[in-house]
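A.B. asks: Sequence isn't available, so here's the structure alone:
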């Protein structure tokens, strides 16, 4: 009887540990709305994305100072402003870092993606 209780206790504890790990992963994922809300700054601090709600983002930088509607569908971030819509592939989303494609105007052969870090 003691052995079966011990085994049952160990099984319950393992489920608890696994469950807690998955909850922590969700909280640090750009795809999760609650985690995404807040300020994200690019590598050289010249461009910022401030997600203020589940549908509004403020972008500020050298060439931008706009408030956009946004949404995410699969692995693509969409911005909309005055009837214009742009799409940006989310290349990588890892904890407090996200790399978003097509964020900058550039010559065809250069990298147009932006890497942003969450400010706590």
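C.D. replies: Thanks, I have the structure now. Because the structure is predicted, anything quoted here is derived from the model rather than measured. Numbers count the residues shown, from 1 in each chain.

A.B. asks: Output the contacting helices and strands for the helix or strand where residue 68 lies.
C.D. replies: Using DSSP states H and E, the element containing residue 68 is strand 65-73. Under the contact criterion of 3 or more CB pairs under 8 Å, 6 or more residues apart in numbering; DSSP states H and E, strand 65-73 touches strand 56-61, strand 76-81. The C-beta positions use only the backbone N, C-alpha and C, and glycine is treated the same way.

A.B. asks: Present the ones you listed as JSON lines; the columns should include mean neighbour count.
C.D. replies: Formatted as JSON lines, the helices and strands packed on strand 65-73 follow (neighbours: other CB atoms under 10 Å):
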{"stretch": "strand 56-61", "mean neighbour count": "17"}
{"stretch": "strand 76-81", "mean neighbour count": "16"}
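
A.B. asks: Compile the ones you listed into a markdown table and extend it with columns for distance to residue 35.
C.D. replies: Written out in a markdown table, the entries for these read as follows (distance: least, CB to CB, whole Å):
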| stretch | distance to residue 35 |
| --- | --- |
| strand 56-61 | 14 |
| strand 76-81 | 14 |
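
A.B. asks: For this protein, give me the ranges with low pLDDT.
C.D. replies: For the chain, the stretches with pLDDT under 70 are 1-28, 106-110.

A.B. asks: Please, where are all the helices along it?
C.D. replies: Using DSSP state H, the helices of the chain run over residues 2-27, 33-36.

A.B. asks: coming back round to it: kindly calculate the angle that the strand holding residue 68 makes with strand 56-61.
C.D. replies: Counting by axes from the mean of the first three to the mean of the last three CA atoms, to 10 degrees, strand 65-73 lies at 130 degrees to strand 56-61.
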